[in-house]
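with the sequence up front, the predicted model follows.
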Amino acid sequence: MGAEVDIVGSDFDAAKAHATSLSEATGAVFIHPFDDPIVMAGQGTLAMEMLAEYPDLDALVLPIGGGGLAAGCGLAARRINPGIELIGVQSDLFPSFANLYHGTSRPIGGFTLAEGIAVRDPGAATRTILMDLLDDVLLVDERQIERALNLFISHLRVLPEGAGAAGLAGVLADPDRFRGKKVGLVLTGGNVDTRLLSSLLLRDLARSRRLARLRIELVDVPGQLSKVSEVISRAEGNVTDVAYHKTFSDLPAKVTYIDISLEAQDAAHMDRIEAALREAGFRVEPAGY
């Protein structure tokens, strides 16, 4: 359509500073991404659609960066359902609005998966609306955001960005609060860094012990690796990688070890594989990464 797209800076503040200076230099109209009533109204249509289908929602969980989406959705939701509970969620690395809401002074800054809500200063209009509108603001850490992302991907086959998963992260961080309630979650975007995606999925497999790396001590004679493979095969494990260590080792000359990466159905299955290796006479321990 003829628009020129400039990708500038590593966060919202840098991009905003560039856009502001560009507007001043060229006379172009600067449209604020969240601190603008028309932008907030547009974002609020999301809540209108949600409550048109589910008017009896007990709670709506809203990620907060600058606050535009939370303000717009919150105003629309409360107009349709006056009794709905409105909960904001922020990354604990960027608790800019949470500090205002709770009267705290937590530090702001860092590297977060929730880049879309990594905003140091909420809007002037949005903060006024949200201070009066929200019932609470929750903070979530990186591990909770990562877990929420993996749940969306593995169970719903939905691929949100980190900021989009913040709502689910908030629910997972305080499950008792939401137990038994009908809860609406707002997925705010799908701008995923594909370079991180495989790492996130593998880390989730490792944490759930569906993927593990084991260090197995062997007598340095022919056939030992074959025996290890046979035990793992009988236990229905799947080997994905093998590293053989002989030269750089403090073990006796006739003893060596392998680091073997393998997949299992779940943590209990991985435990059975390890037990089978030990029963076969092998010394097994988790390998360092």
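Now that the structure is in, tell me what you want to look at.

tell me if Leu139 really is in a helix.
No - counting by DSSP: H, G, I helix; E, B strand; the rest coil, Leu139 is located in no helix; its state is strand.

and it, what's its pLDDT?
Looking at Leu139, its pLDDT is 98.

isn't it up against Leu93?
No - the criterion here is Cβ atoms under 8 Å, and Leu139 misses it with Leu93 at 9.2 Å. Backbone N, C-alpha and C define where each C-beta goes, glycine included.

quick one: name whatever helix or strand follows the longest helix anywhere in the chain.
Counting residues, the longest helix found in the chain (DSSP state H) is helix 37-53. Next along the chain after helix 37-53, taking DSSP states H and E as the criterion, comes strand 59-63.

export that next one to PDB, keeping only CA atoms.
This file holds the C-alpha atoms of strand 59-63, laid out as PDB (Å, rounded to 0.1, in the frame of the first residue of the first chain):
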ATOM      1  CA  ALA A  59     -13.300 -12.700  35.000                       C
ATOM      2  CA  LEU A  60     -11.300 -11.200  32.100                       C
ATOM      3  CA  VAL A  61      -7.500 -11.400  32.400                       C
ATOM      4  CA  LEU A  62      -5.700  -8.600  30.400                       C
ATOM      5  CA  PRO A  63      -2.000  -8.200  29.700                       C
END
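
ok, it: who's next to it in the sheet?
Strands that pair with strand 59-63, judged by DSSP bridges, come out as strand 85-91 (parallel), strand 183-185 (parallel).

got the buried residues for the longest one?
By neighbour count, with 16 or more other Cβ atoms under 10 Å as the criterion, the buried positions of strand 85-91 are 85-91.

now the residues you listed in CSV, with distance to Lys254?
Formatted as CSV, the buried residues of strand 85-91 follow (distance: Cβ to Cβ, whole Å):
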residue, distance to Lys254
Glu85, 67
Leu86, 68
Ile87, 62
Gly88, 63
Val89, 58
Gln90, 58
Ser91, 53
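
quick one: contacts for Val137?
64, 87-90, 97-98, 101-102 (Cβ atoms under 8 Å, 6 or more residues apart in numbering).

try 10 Å this time
Contacts for Val137 (Cβ atoms under 10 Å, 6 or more residues apart in numbering) come out as 62, 64, 70, 86-90, 95, 97-102, 130-131, 170.
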